[in-house]
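1. Return atomic coordinates for the entry below.
(2 chains)
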Number of protein chains: 2
Amino acid sequence: MTLGTNGNRQGASDAVRASLRHLLYPGSVAVVGASNDPLKMSGRPLDYLKRFGFRGPVYPINPTRTEVQGIPAIARIAGIPGPVDLAMIVLPAEAVPDAIRECAAIGIDTAIVAASGFSETGTDLGRLTEQRLRAAIRESEMTVLGPNCLGMISTRDRVTATFTSALDDLDELRYGPTAFVSQSGAFGSFIFNAGTRHGIGWSHYIATGNELELSTGEILTALAHSDDVQILLTYLEGVSNGSELISAFTTARELDKPIIAVKSGRSLVGARAAATHTASLSGSDQIFDGVVRELGVVRVNGVEEMLDAAKIFGTGARPAGRRVTSFSISGGCGVVMADAVAELGLTMAEWEDEWSERLAAIEPRPASVHNPVDLGAQMYLNPPMLEAGMRIALEHPGTDHIAVLLGCGESVADALIESITRVHADADKLIIVVWTGGSGRSQQILDERGIPCFSDPHRAAAALARLCDYSQWRSAPPPTRPDGIDQVGVAAIIDKAVARGRTQLSEWESSQIISMYGIPTAAARKAKNAEDAASAAAAFDGPFAIKLVSHQLVHKSDIGAVELNVAADEVQDSARRVLALGEEHGLSDVAVLLQPMVHGDVELIVGFTNDPSFGPSVVVGSGGVLVESVQDSCAALAPISGEYAESMIRSLKVAAALTPGRGRPGADLPALGDLVSRLSWLANDFGDRLADVDINPVLVDTSSGRTCAVDALAILAPSDDAPARRSSEREV
Amino acid sequence: MTLGTNGNRQGASDAVRASLRHLLYPGSVAVVGASNDPLKMSGRPLDYLKRFGFRGPVYPINPTRTEVQGIPAIARIAGIPGPVDLAMIVLPAEAVPDAIRECAAIGIDTAIVAASGFSETGTDLGRLTEQRLRAAIRESEMTVLGPNCLGMISTRDRVTATFTSALDDLDELRYGPTAFVSQSGAFGSFIFNAGTRHGIGWSHYIATGNELELSTGEILTALAHSDDVQILLTYLEGVSNGSELISAFTTARELDKPIIAVKSGRSLVGARAAATHTASLSGSDQIFDGVVRELGVVRVNGVEEMLDAAKIFGTGARPAGRRVTSFSISGGCGVVMADAVAELGLTMAEWEDEWSERLAAIEPRPASVHNPVDLGAQMYLNPPMLEAGMRIALEHPGTDHIAVLLGCGESVADALIESITRVHADADKLIIVVWTGGSGRSQQILDERGIPCFSDPHRAAAALARLCDYSQWRSAPPPTRPDGIDQVGVAAIIDKAVARGRTQLSEWESSQIISMYGIPTAAARKAKNAEDAASAAAAFDGPFAIKLVSHQLVHKSDIGAVELNVAADEVQDSARRVLALGEEHGLSDVAVLLQPMVHGDVELIVGFTNDPSFGPSVVVGSGGVLVESVQDSCAALAPISGEYAESMIRSLKVAAALTPGRGRPGADLPALGDLVSRLSWLANDFGDRLADVDINPVLVDTSSGRTCAVDALAILAPSDDAPARRSSEREV
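-> Modelled structure (predicted):
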């Protein structure tokens, strides 16, 4: 819950707020400022409420007319005769604050503010009007959607508290389990309209406008709690309140209601445009990507990918595997399907000889009884072949999904559709159809029967892969705190540094704190002077790395204060040189760090940062010379389990260099995952006191499997502006 | 021209063959084996010829009826009363060879064989029948499409010599400049049908079947020569005759007729399925990718990408730049478009203040006068705003393309469409429209007016980016032979090795031949024994690499016969050790190679190979430890220019490590491009005698910009089975 970015709301019942019942399922609607002209923005909500058949009381408020669009008008809000769940305010911006107060005065607790003319204008007048509106909301304790907002549709009860043009050319609202929350009104309306035409059934469409009070995250959370809703779509332009969004993602995860998200502002130009027209800032896209991956949000790139995903998630299937058996009428079609399957990370099911023999018994005999199964063009003349083949695939234990690739064939379409429908009725496996060409009638019938139908094999495979990813992700266990963590020790080091007014920890201290969280670090000794360094060296085999230590120094190598491969008998000279460099640069509190050189052939970077939108986030990526070129990293919200960290590492390009091969046993991936997980717990526990921690590099020796943090740097959080802790769901 | 894989055809006039006139534009058609039942495969061609209005003479051949589908039947081929351009043979497989002979006997020179039952069955009977058909074709000197082939459609004259089900549910053939050749009949038909519904106008649709005689490459070449055809689509499953395909690509390039290709069999499973059902083998996909990139073929991944590309290439535009100005009705829509533009490698045009001021003068004032331009929802009430804005963008020198993002809005669609159409009529810039949602009517009208309209911003941007890539590629100059190449010297080294019965060159010889092509190689000396090595070392600064040289040795490091960083005073011992290793492994003809160590911080691999489908192909990619993990390489047919080689290098992930930065001037990219170009000329000149050449690594020093080939290995081509030279078009 936010009130803009400053406000803090008290008083309303949490239970009511949580469900947003009056917003999502209003039983009665007042349209404040309703116009008699159904084409005007202020006339449309009433027109739609009548046209689509809302059956609750509707009260048009209009001081100058006795009747509005055939309904008796009420002159003033105070004159409304019955209770009102939702006020749709279509007055001009300057009149809205008073209307809010008047609504509250008669007990209305929820309103939608349609007008633009607030902070999104970028003008002083707009900001002033928004301040007045914010004050009215705070005083009235109302729940308010908008302003600058197209409104909302709730399909079950045919509530159309909106002036969206998406309803212009629709004859009916298609009811279904998919809710859609959009930060862009116009583009959201296009998606809603296109989705309806693609056979999507909707529970809600809600445009959030400026999000002065209600945020996308809160609305998604409330929708996730609704029994009506099984799938949540959201179109995001920016993330102004990361914790509410994370809370929504977490709630959806707990309730197994998948969220399918498009986030724009991915490009820099896009991000600039997004910042111009809303008050929200695009969060770091890389961290957003990590967050959605970790929380199981299905991120898609565009309208059609979103609708394709909604279609396949609409089946409610949670498949255990990724093995596809394909049926079609030619070898060529089979190749197309097999290609799409492989490219999108699915696999073709293997058909053992005994199972292929069962396919061979179909009359007339299929052209190929291996997967992809080719029933031959004869299938169009013998549609029962398809049903027979599919029924064998239903029984085949190695098949998780059945994909049928068809096209054109209007004259035989009905028989094929009936065959598929009969199998679907008995199926415990997911059946998808690709129907390329034709009039669109077949696709529509199949979609309406809940059998997802696509026009392109690649789009079908992409949607199926997303469902499989989601299903696989759901089965992963939550993170648990690892053993051997010394929180008190870390707190003491931070306390001391803060007490001395420092902004960062030295390399020595940084290594200590990660070591206290059980991360394997390179052996090291700190020495005050060159002589001590030389005697400390006696305890190890050389050669050594000799580094200057100072809490004032961020990048040692920039001033040449690192010497590598120093032989034991040269340690003293080397230490003298780096200490002299410290003096030269006016550093106080200097010392020498002595480390036996660590061997490794692959370098990783592991770190955490406090994302302004999402809070403490851990990142792992390729290090070394290619770090800038290959852009190979993966982020997640802290904390994460070792298993999840391992899956992040496996998703990197550098993973191939970590696996066994080239005569090497490869990296110890569970140990690497554990390292990243432990850093994520440090982020979880001290994300309010440490701004950033970098371990660069983590050296991996793929000959021995050994992993070691060689260099670490911790930056303290500014004490007067500590970033907010994450929402309570994440405090484990 | 091929006859299967063995045959070699003589006699037919080259001019006629080149145009395939009787296949592409027959004036009269005989349907041999025509059935009276229009639903049967053998009845459909006649039905379609009547239904779609072919106006030339049609002769049904049927020995048992006096009339077929209302047309007088002819009992035997010999009895056909007039000249026939094309025989569509719909007889069963076993009757086809005799029919071919009978057709030839009365002077028919072109036939389509529809029947299956040949080699694609994988049976002995099928192979035998195909042998009989091949003999009949050879004797008769006929031009034959198929067998196992759906036939062809030529839209201008409404020729439908096909039994494709794609015509089942179409009312008319939509004529246009796009020709389509498909190796898959069924999937090709789906694409043809879907394309018609997406507003594509076709000149031809041709399914090639088993390609026993006519290949996809030949047909594409003939179509490229047709004035009717401006765009060529092709669906490829495999490449059985790479040189004919390359010839088609080259012809299309010369005539500026873009080829848009889907190639399946990308995945291993897909490739297996492709090999099962056709005789063709999928060429190495990576090389195919390189070939199509080099020859400007637009490779797409699926049906919809293909149709999107066909639509935008159908405008005939050849844009000079990639700068897009976007118009829409909300900031959110603008963000979506800007995102899509950035993700697909286009750029948003910059609007200078004086130009934005011109936009600001539009009445009513737009919500944002920067790009993406936001005309505001008011634009739906004031459609002339769109026309005014677009006309300013037409004049704006920084704008190459105008993208308009609309949606729904049926009630205002006509006015908007008319605005766009008026601007389009005066435009010398490409105008594309994204129309999301709505009934589909607006999209259809715009498409029919030649204004490409898409339903998804990402798909629109992807298609536009493909057109820009093509246009940019066309403006590049062809490769010319570099100076300083010693072909005679290379030939002598190869001759000597061949004369001695060797299968490969030694590292010394390999380095010599690349050096003779002007490639900078590491300084090196060869020494017979350890003492000579030590005295040779005196000429250089150390340290050295000491390697064993033997033409029997492929991977020196496998037996430990490479020592690195050897100090000058240790050269003799080191040389003795590697020579001893040679003796131990029973190698004769051994020597020592001495190279001063070369410094470099980025490793590349450059090589060439003789692709079985395409001939000599050069490859450049990332080397070093990440070579296996990042899969970062790019291939091209030899020869290539230095500029093109540079563009290949720039397309690699490792390119970021080669550019200036991190305090380094970066690689000398023109010198690197020259190196790769020179190797491509070696491949061009000696591709018949050298099977493979690897330079691994090429070391690049981004501090000095220096580039050096450090190790090379050349494998000789098997002398009795030398790969065929490339087609004459490529011999420069």
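
2. Which strands and helices lie in contact with the helix or strand hosting residue A:180?
-> Element membership of residue A:180 [criterion: DSSP states H and E] is strand A:175-182. Other helices and strands packing on strand A:175-182, by 3 or more CB pairs under 8 Å, 6 or more residues apart in numbering or on different chains; DSSP states H and E, are helix A:185-197, strand A:202-207, helix A:216-224, strand A:231-236. Bear in mind the C-beta positions are built from the backbone N, C-alpha and C, glycine included.

3. Out of those, which gets nearest to residue B:119?
-> helix A:185-197 (45.6 Å; CB to CB).

4. what's in contact with that closest one?
-> With CB atoms under 8 Å, 6 or more residues apart in numbering or on different chains as the test, helix A:185-197 has contacts from A:148-150, A:153, A:164-166, A:169-170, A:173-174, A:178, A:180, A:182, A:202, A:205, A:207, A:209, A:233, A:235, A:303, A:306-307, A:310, B:328-330, B:332-333, B:336, B:377, B:407-408, B:436-440, B:455.

5. Tell me which of those fall in helices.
-> A:303, A:306, A:307, A:310, B:332, B:333, B:336 (DSSP state H).

6. Just give me the closest of those residues to residue A:262.
-> Closest approach between the ones in helices among the contacts of helix A:185-197 and residue A:262, by CB to CB: residue A:306, at 5.5 Å.

7. My guess is that closest one contacts residue A:232. True?
-> No - Residue A:306 lies out of contact with residue A:232 (CB atoms under 8 Å); the separation is 11.4 Å.

8. sorry, back to before: what's the lowest-pLDDT member of the ones in helices among the contacts of helix A:185-197?
-> pLDDT across the ones in helices among the contacts of helix A:185-197 is lowest for residue B:332, at 85.

9. now the residue lying closest to that residue once chain neighbours are set aside: how far from residue A:149?
-> Excluding its sequence neighbours, the residue lying closest to residue B:332 (CB to CB, 6 or more residues apart in numbering or on different chains) is residue A:184, at 2.5 Å. Here the criterion is CB to CB, to the nearest Å. By it, residue A:184 lies 11 Å from residue A:149.

10. so what's in contact with the two at the same time?
-> residue A:207.

11. More neighbours: which of those two?
-> residue A:184 (28 against 25; other CB atoms under 10 Å in any protein chain shown).

12. What is the burial count for the closest residue to chain B within the stretch 451-600 of chain A?
-> For the stretch 451-600 of chain A, the residue closest to chain B is residue A:458, as judged by CB to the nearest CB, at 4.0 Å. Residue A:458 has 22 neighbouring residues, counting by other CB under 10 Å.

13. what do you get for residue A:319?
-> So residue A:319, with other CB under 10 Å, has 17 neighbours.

14. what's the answer for the one 4 residues further on, then?
-> Around residue A:323 sit 21 other residues, with neighbours defined as other CB under 10 Å.

15. wait, it sits on residue A:400?
-> Yes - using CB under 8 Å, residue A:323 is in contact with residue A:400, at 4.6 Å.

16. what's the overlap in contacts for the two?
-> residue A:349.

17. Please point out which parts of stretch A:411-430 sit buried.
-> A:412-413, A:415-417, A:419-421, A:423-424, A:427, A:429-430 (16 or more other CB atoms under 10 Å in any protein chain shown).

18. Check stretch A:594-605 too.
-> Under the neighbour-count criterion of 16+ other CB under 10 Å, stretch A:594-605 has A:594, A:595, A:596, A:597, A:598, A:600, A:601, A:602, A:603, A:604, A:605 buried.

19. Same question for stretch A:310-317.
-> Buried positions in stretch A:310-317, judged by neighbour count with 16+ other CB under 10 Å: A:310, A:311, A:312, A:313, A:314, A:315, A:317.

20. Tell me which two in those are the farthest apart.
-> Farthest-apart pair in those is A:310 and A:317; separation 13.4 Å (CB to CB).

21. just to revisit the earlier point, closest to residue A:481 out of the helices and strands packed on strand A:175-182?
-> helix A:216-224 (26.3 Å).

22. and the closest one, does that touch chain B?
-> No - residues of helix A:216-224 contacting chain B under CB under 8 Å from any CB of the partner chain: none, with a closest distance of 13.0 Å.

23. and that helix with strand A:231-236, angle?
-> Orientation of helix A:216-224 against strand A:231-236 (axes from the mean of the first three to the mean of the last three CA atoms, to 10 degrees) gives an angle of 170 degrees.

24. same for helix A:216-224, what does it pack against?
-> helix A:14-19, helix A:21-24, strand A:175-182, strand A:202-207, strand A:231-236, helix A:242-254.

25. Mind checking what secondary structure residue A:513 has?
-> Here residue A:513 is recorded as helix under DSSP: H, G, I helix; E, B strand; the rest coil.

26. quick one: the residue most central in space within chain A and residue A:636, what's the gap?
-> In chain A, the centroid-proximal residue (CA atoms, centre = their mean) is residue A:292; its distance is 2.5 Å. Plainly put, residue A:292 is 10 Å away from residue A:636 if you go by CB to CB.

27. Residue A:48 too?
-> Using CB to CB, residue A:48 is found at 43 Å from residue A:636.

28. and the residue of the stretch 101-250 of chain A found nearest chain B, what does it touch?
-> Of all residues in the stretch 101-250 of chain A, the one sitting closest to chain B is residue A:184 (2.5 Å; CB to the nearest CB). By CB under 8 Å, 6+ apart, residue A:184 lies in contact with A:207, A:235, A:237, A:264, B:330, B:331, B:332, B:333, B:335, B:336.

29. tally of neighbours for the second one?
-> In other words, residue A:235. 27.

30. Hmm, residue A:183 and it touching each other?
-> Yes - with contact defined as CB under 8 Å, residue A:235 and residue A:183 form a contacting pair (6.1 Å).

31. can I see the domain layout of chain A?
-> A:321-474, A:523-597, A:602-716 (automatic domain parsing).

32. Relative to residue B:82, which of those is closest?
-> Residue B:82 lies closest to domain A:321-474 among the domains of chain A, at 32.8 Å (CB to CB).

33. Regarding the closest one, how distant is the last residue from the first?
-> 13 Å (CA to CA, to the nearest Å).

34. And the contacts of stretch A:376-393?
-> Against stretch A:376-393 from outside (CB under 8 Å, 6+ apart): A:325, A:327, A:329-330, A:349, A:355, A:358-359, A:362-364, A:366-367, A:373, A:375, A:399, A:402, A:404, A:409, A:412, A:415-416, A:418-420, A:422-423, A:426, A:429, A:431, B:165, B:186.

35. same deal with stretch A:490-509?
-> Contact partners of stretch A:490-509, identified using CB under 8 Å, 6+ apart, comprise A:512-513, A:516-517, A:524, A:526, A:547, A:549-551, A:553-554, A:556, A:591, A:593, A:682, A:685-686, A:689-690, A:711-716, A:719.

36. redo that, cut-off 7 Å
-> Identification of contacts with stretch A:490-509 by CB atoms under 7 Å, 6 or more residues apart in numbering or on different chains yields A:512-513, A:516, A:526, A:547, A:549-551, A:554, A:593, A:686, A:689, A:711-716, A:719.

37. where does the stretch 151-300 of chain A dip in pLDDT?
-> The stretch 151-300 of chain A contains residues with pLDDT under 70 at A:266-286.

38. where in the stretch 551-700 of chain A is pLDDT low?
-> Ranges of the stretch 551-700 of chain A meeting pLDDT under 70: A:554-558, A:624-631, A:661-664.

39. Just the strands from it, written as ranges.
-> Here the stretch 551-700 of chain A has its strands, by DSSP state E, counting those that start in this stretch, at A:562-566, A:591-596, A:602-611, A:615-622, A:633-637, A:690-700.

40. Of all these, which one comes closest to chain B?
-> The nearest among those, by CB to the nearest CB, is strand A:602-611 at 7.1 Å.

41. Quick one: list the elements packing against the closest one.
-> strand A:615-622, helix A:669-686, strand A:690-700 (3 or more CB pairs under 7 Å, 6 or more residues apart in numbering or on different chains; DSSP states H and E).
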